[in-house]
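A.B. asks: Quick check, what structure comes out for this input:
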Amino acid sequence: MEKIAVVRLDKIGDLILTTPAIASLRATYPNAKLTAIVNQYNAVVLEHSPLVDEIWVWKESREHFKRLQKERFEQIVVFSPTTKSYVLAWHSKANIRAGYVYKSRVLVRFFSFFWLNRRLVCQVDQKDLEKKDCIVPHEVEQNLAVVRFLNPNAVIKEDLVVPILPEKKQWAKSQLEGDKWVGIHFSRAWQEGLPQNFLKTLIKKLLESHPVFVIIGPGEYFKNLDFPFGVKIFENLSFQQWGALLGQARVVLSTNTGAVHLASSQNTPVLAVFEPKFFAYHVQRWRPWKVPHILLRKDDPELLNRLVQEVKKTDS
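C.D. replies: Here you go, the predicted model:
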């Protein structure tokens, strides 16, 4: 293999969870040129990564499709299971066009015979768990299964790889002195399906025993935020600053967002709050990877007290 492309055209968290598969391809084919085809939003995940030689921010334009064929990739591996990504692979005319498809998405699975010539079928989709109990592969495991499917002798790497620059880590340390900080990633999900002052009350209780900082996620904007006095607020951060702050926390609280996986990549324990809909599927598919974590339901009537109790346990 001289030229390999990997495709991930969805969210930041999804790309973070794909870094073990990309690392495995890099280790298996150390001399190949490895190109990551990503979108403008998630490209920052690989900005300082040793895993890829090139980051290609994809646009559905005539010029990009022409370039795709001129590149003559020998292998293109699709990790974002979307029609857009499959069609991109087909247009590449690569000798090997691989990816996984969901068994339950019948129409897409049928057409994927034309788009891909190496297909791995994922047997469980989120709606399947409404009918029966079954084991769902983690997103990391599913991506690694594609690598093993392509090469049974592949060198498998299981760790998330999101390097944070030393100067950004130093900046985070200067912002957060001490080792007791509780980080909360704030997104719209905290405002949906919870009491109006839930987060404010939670922060007040946490401030009784721990310093607290709140990160307002990239691209998030809120009016009339009402946080208690004493909490430290960060917004308009770069991805590197975001990762450095999460890495500096003792524990991170977040809903099911990319912050869960960015914190995991920095070996920070996570308390993750998941939506009740498709809970059984989501906590298997997108739980924090290889770090201590607690998974909670948003509709748990004791959610606030449980979050406070679990934070206090980190002191011991």
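
A.B. asks: now the strands: where do they sit in this protein?
C.D. replies: Applying DSSP state E to the chain gives strands spanning 3-8, 33-38, 54-57, 75-78, 96-102, 118-122, 182-186, 212-216, 232-234, 251-255, 270-274, 293-297.

A.B. asks: can you give me the helices for the protein?
C.D. replies: Using DSSP state H, the helices of the chain run over 12-16, 19-28, 62-71, 83-92, 106-115, 139-150, 166-175, 198-207, 239-248, 258-265, 279-285, 303-313.

A.B. asks: who touches the first one?
C.D. replies: Meaning helix 12-16. The contact list for helix 12-16, computed with CB atoms under 8 Å, 6 or more residues apart in numbering, reads 8, 38, 41-42, 44-46, 79-80, 139, 160, 162, 239, 257-258, 260-262, 264-265, 286. The C-beta positions use only the backbone N, C-alpha and C, and glycine is treated the same way.

A.B. asks: ChimeraX command to pick out the buried ones of those?
C.D. replies: Selecting just the buried residues from the contacts of helix 12-16 in ChimeraX takes one command, with 16 or more other CB atoms under 10 Å as the test:
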select :8,38,41,42,44,45,46,79,80,139,160,162,239,257,258,260,261,262,264,265,286
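
A.B. asks: May I have the residues that are in contact with residue 230?
C.D. replies: By CB under 8 Å, 6+ apart, residue 230 lies in contact with 207, 212.

A.B. asks: roughly how far apart are it and residue 250?
C.D. replies: Distance of residue 230 to residue 250, computed by CB to CB, to the nearest Å: 17 Å.

A.B. asks: check contacts around residue 313.
C.D. replies: For residue 313, counting by CB under 8 Å, 6+ apart, there are no contacting residues.

A.B. asks: What residue spans form the domains of the chain?
C.D. replies: As given by automatic domain parsing, the domain ranges for the chain are 3-150, 167-313.

A.B. asks: closest to residue 156 out of those?
C.D. replies: domain 3-150 (5.1 Å; CB to CB).

A.B. asks: Return the distance of the closest one from the chain's centre.
C.D. replies: 14 Å (CA atoms, centre = their mean, to the nearest Å).

A.B. asks: pLDDT weak spots in the stretch 101-250 of the chain?
C.D. replies: Flagging of the stretch 101-250 of the chain using pLDDT under 70 yields the residue ranges 128-132, 218-225.

A.B. asks: and residue 108, how far is that from residue 39?
C.D. replies: In terms of CB to CB, residue 108 sits 20 Å off from residue 39.
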